[in-house]
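[1] Here's a sequence, model it:
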Amino acid sequence: MVNRSKCPRLSVASMVAVTLLLALVSANAAHAQTFSVIHSFSGPDGDLPKGGLTIDRAGNLYGTTFAGFLGFGWGSVYQLRPHQLGWLFSVIQVYDGQPLDRPAIGPNGTLYGTNSNMITIYRVGYLWNLSPPVNPCKSAFCFWLSNTLYGFGGGASGATPLGAHLVFDQAGNIYGTTSAGGTGNGVVYQLSRSGVETPIYAFAGSPDGATPYSGVIFDAAGNLYGVTEAGGASGNGAVYKLTPNGNGWSEQVIYSFTGGNDGKTPVGGLVIDQAGNLYGTTITGGANGGGTVFELSPNGGGWTYNLLNSFAGGSSCGPSAELTFDSAGNLYGTTYCDGAFNLGNVFKLTNSGGTWTYSSIHDFANGTDGKNPISNVIFDASGKMYGTTSIGGMFAGGNVWQITQQ
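    Okay, the predicted model is just below:
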């Protein structure tokens with residue numbers, strides 16, 4: 001039976017020690033980093049938080065778990081609210097199906113996301129919206145109001161939105177990707193505010209892209225960019241651009257990975273700076289075989305590739321989520337199984353006049369800190385960093401963590 005006690009519930013980690021503080025001084029950092037676990041998943045509250053985090057203006061954190069809720073194996077959406085004693089954890093919705101990405105905050109301040117499947121109706125995925133209840137949550141299980149916006153049917157409409165973070169245009173339309181459907185290689189789609197889904201591009205496979213596992217981003221001119229895990233000229237993945245042309249969208253592959261020092265298998269999506277440079281990652285390949293961080297710069301109608309870092313971990317150990325900028329223009333991310341213990345790490349790439357220097361901020365050791373993050377890194381207003389580990393931690397179900405830079 002679901003516990004609906006009216007007393008706010010502190011996260012498991014908070015109850016154990018307010019927060020589990022693991023002091024860490026990185027040998028590669030110029031100042032100390034304090035790492036702490038703010039919630040450890042135990043199963044009934046969710047399991048496998050693979051998708052990373054989203055933060056709202058009030059500093060509340062939102063994420064998803066792939067499975068675990070009350071032993072049903074269903075995914076969930078959760079909220080962590082900052083509190084003077086630690087963090088208050090709430091499961092705000094449970095879904096028949098597995099979400100693989102963090103929620104997106106829409107123009108109206110509510111949450112949007114996708115599930116890759118549903119056991120009963122939408123077997124190839126659907127989009128959902130969550131609105132807070134009229135009365136504030138006062139329990140660990142305080143469900144928000146859920147609305148299914150669209151159920152994918154396969155075929156031309158797309159199927160299986162695996163890890164595709166959603167974005168919005170100025171009119172409030174939603175854009176995302178599916179890893180299957182279309183011609184069998186996935187699609188980029190638009191969902192209008194009225195709930196009409198339109199596939200705006202279907203990938204054709206090599207030399208075009210194939211199988212997008214991440215979403216798209218906008219540039220200042222309204223063009224869309226993304227990556228595909230496969231396809232491209234060599235079958236090792238591609239970076240693509242979609243340009244609105246009045247009658248639809250035209251697609252261009254702007255970079256094809258060779259599988260050599262430039263890396264291969266980009267799954268983590270892209271970020272863009274004010275100059276229009278794109279930054280992304282690959283989970284494998286590169287000079288050391290453990291994935292890469294790269295930059296693509298517009299250059300006279302084309303694009304110039306620049307390798308920023310090659311990771312030393314094994315195959316598929318590199319970053320699986322998009323990168324994050326800090327206010328100084330430095331890049332942050334996580335790796336799945338790189339780092340000192342080959343269990344993943346949080347890393348920083350410091351930008352000094354176009355030269356990027358790598359440092360590891362935290363190396364996961366599979367203690368209470370967890371292991372194997374498949375997570376983005378986010379910052380709050382005070383500069384604290386947050387993310388998740390997919391497994392490990394006190395109860396082996398994964399963690400939500402915080403890093404304070406001193």
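[2] mind listing the strands for the stretch 51-200 of the chain?
    53-55, 61-65, 75-83, 86-95, 104-105, 111-115, 126-131, 145-151, 167-168, 174-178, 187-191, 197-202 (DSSP state E, counting those that start in this stretch).
[3] Save these as a markdown table, and put in mean neighbour count and distance to residue 310 too.
    C-beta coordinates here come from the backbone N, C-alpha and C atoms, glycine included. Formatted as a markdown table, those follow (neighbours: other C-beta atoms under 10 Å; distance: least, C-beta to C-beta, whole Å):
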| stretch | mean neighbour count | distance to residue 310 |
| --- | --- | --- |
| strand 53-55 | 20 | 27 |
| strand 61-65 | 26 | 29 |
| strand 75-83 | 22 | 34 |
| strand 86-95 | 22 | 36 |
| strand 104-105 | 18 | 31 |
| strand 111-115 | 26 | 32 |
| strand 126-131 | 20 | 36 |
| strand 145-151 | 15 | 40 |
| strand 167-168 | 18 | 29 |
| strand 174-178 | 26 | 27 |
| strand 187-191 | 23 | 29 |
| strand 197-202 | 18 | 31 |
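[4] Dump those to a markdown table, plus mean pLDDT.
    What follows is those, written out as a markdown table (pLDDT from 0 to 100):
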| stretch | mean pLDDT |
| --- | --- |
| strand 53-55 | 98 |
| strand 61-65 | 96 |
| strand 75-83 | 93 |
| strand 86-95 | 91 |
| strand 104-105 | 98 |
| strand 111-115 | 95 |
| strand 126-131 | 95 |
| strand 145-151 | 94 |
| strand 167-168 | 98 |
| strand 174-178 | 97 |
| strand 187-191 | 97 |
| strand 197-202 | 97 |
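[5] Format the ones you listed as TSV; extra columns: distance to residue 389.
    Putting the strands of the stretch 51-200 of the chain into TSV (distance: least, C-beta to C-beta, whole Å) gives the following:
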stretch	distance to residue 389
strand 53-55	12
strand 61-65	12
strand 75-83	15
strand 86-95	16
strand 104-105	22
strand 111-115	20
strand 126-131	24
strand 145-151	27
strand 167-168	26
strand 174-178	25
strand 187-191	30
strand 197-202	34
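[6] Out of the ones you listed, the one nearest residue 43 is which?
    Nearest to residue 43 among the strands of the stretch 51-200 of the chain is strand 61-65 (9.9 Å), distances taken as C-beta to C-beta.
[7] Run the chain-centre distance for that closest one.
    10 Å (C-alpha atoms, centre = their mean, to the nearest Å).
[8] With stretch 180-190 instead?
    With C-alpha atoms, centre = their mean, you get 20 Å for stretch 180-190.
[9] Show me the contact partners of it.
    124, 152, 154-160, 173-179, 197-205, 208-212, 216, 224, 226, 228, 230-231, 242, 249 (C-beta atoms under 8 Å, 6 or more residues apart in numbering).
[10] Of those, keep whichever come out buried.
    124, 152, 157-160, 174-179, 197, 199-203, 205, 208-212, 216, 224, 226, 228, 230-231, 242, 249 (16 or more other C-beta atoms under 10 Å).
[11] After the helix or strand bottoming out on mean pLDDT in the chain, which helix or strand is next? Please name it.
    The helix or strand of the chain with the poorest confidence is strand 20-24; it has a mean of 34 (mean pLDDT, DSSP states H and E). Once the chain leaves strand 20-24, the next helix or strand it forms, by DSSP states H and E, is strand 33-40.
[12] which helices and strands sit right next to that following strand?
    If contacts are counted by 3 or more C-beta pairs under 8 Å, 6 or more residues apart in numbering; DSSP states H and E, strand 33-40 sits against helix 12-17, strand 20-24, strand 86-95, strand 355-363, strand 399-405.
[13] Make a markdown table out of the ones you listed and add distance to residue 146.
    Below are the helices and strands packed on strand 33-40 laid out as a markdown table (distance: least, C-beta to C-beta, whole Å):
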| stretch | distance to residue 146 |
| --- | --- |
| helix 12-17 | 25 |
| strand 20-24 | 32 |
| strand 86-95 | 5 |
| strand 355-363 | 34 |
| strand 399-405 | 22 |
